[in-house]
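> Structure for the following, please:
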Amino acid sequence: MAAEIVAGHGDTTIERVITSGTFSLDGGTWDVDNNVWIIGDDKECVIVDAAHDAAPILDAVGGRTVKAVLCTHAHDDHITAVGEVFDATKAPSYLHPSDRMLWDRVYSVGPDHELSDGDRIEVGEVTIEVIHTPGHSPGAVCLRIPTLGVVLTGDTLFDGGPGATGRSFSSYDTITDSIRTKLFALPAETIVLTGHGDSTTIGEEAARQDEWERPEGA
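Here you go, the predicted structure:
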């Protein structure tokens, strides 16, 4: 699928590329489509969640310098193209250290840098702010861009509620606390760009939190 521009400020845009593959954990494997986000201008960019297939991601990048590959978490469907992207661009990878045990299931060498709550990453005309939101995985992070009025939530918050918490290293109580204390503190009009599926807003999701149901086994 060709890249789709979903937001912009000046010369800086956010593009979405959808890639397809599988997610495997706890002995199961599922077919999934992932949202890959490319943030930048016509000279430089960062990639958020290099998933499955590097080719369409690199096509969307074009001749731009890739400053970083930012991982919202280290489930295999979100990081399997990081190595190929590095080989093509030499862009360093960033991951919260609490997800290192998941990363190590895919790669024999570690990510290049750690992400921490409160970190700021500059690209184009915008600043990306890192918010540690554990629950879907211990090192899950969300990436807020105030100038664009968006937050990239990976698998922490979706159109319809929290991400999955029925598998290893996840916690329903932790993810709901992360969402309520950190994400619902953002302006209601903030657009939520998710790791899979459609976008939503903070206000829409806050308004229907009473409909959340704890998954069986979570």
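
> Counting neighbours, what do you get for the spatially closest residue to residue 93 that is not a sequence neighbour?
Nearest residue to residue 93, sequence neighbours excluded (C-beta to C-beta, 6 or more residues apart in numbering): residue 111, at 4.3 Å. Just so you know, the C-beta spots here come from the backbone N, C-alpha and C atoms, and that holds for glycine as well. As a burial measure, residue 111 scores 22 neighbours (other C-beta atoms under 10 Å).

> try residue 28
Residue 28, neighbours per other C-beta under 10 Å, totals 9.

> list the contacts for it?
Applying C-beta atoms under 8 Å, 6 or more residues apart in numbering to residue 28 gives no contacts.

> Spit out the contact partners of the residue nearest to residue 93.
Neighbouring residues of residue 111 by C-beta under 8 Å, 6+ apart: 71, 82, 92, 93, 94, 95, 100, 103.

> Spit out the contact partners of the closest residue to the second one other than its chain neighbours.
Nearest non-adjacent residue to residue 82, counting by C-beta to C-beta, 6+ apart: residue 50, 4.7 Å away. Taking C-beta under 8 Å, 6+ apart as the contact definition, residue 50 lies against 36, 57, 69, 71, 78, 79, 80, 81, 82, 84, 85.

> rerun at 7 Å
36, 57, 69, 79, 81, 82, 85 (C-beta atoms under 7 Å, 6 or more residues apart in numbering).

> Need the three-state assignment for it.
coil (DSSP: H, G, I helix; E, B strand; the rest coil).

> Start the count at 341 instead of 1 going forward.
Shifting the count to begin at 341 puts that one at residue 390.

> Just read off the phi/psi values of it.
phi -80, psi 100 (degrees, to the nearest 10).

> Can you read off the pLDDT for it?
Looking at residue 390, its pLDDT reads 98.

> pLDDT below threshold where in this protein?
341-342, 347, 557-558 (pLDDT under 70).

> how about a cut-off of 90?
341-350, 506, 553-558 (pLDDT under 90).

> Quick one: the helices in it, in order.
394-401, 416-419, 422-429, 440-443, 512-518, 542-547 (DSSP state H).

> In a markdown table, list those along with distance to residue 475.
What follows is the helices of the chain, written out as a markdown table (distance: least, C-beta to C-beta, whole Å):
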| stretch | distance to residue 475 |
| --- | --- |
| helix 394-401 | 27 |
| helix 416-419 | 15 |
| helix 422-429 | 22 |
| helix 440-443 | 14 |
| helix 512-518 | 2 |
| helix 542-547 | 14 |
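
> looking at these, which is buried most?
helix 416-419 (a mean of 25; mean count of other C-beta atoms under 10 Å).

> Okay then, goodbye and thanks.
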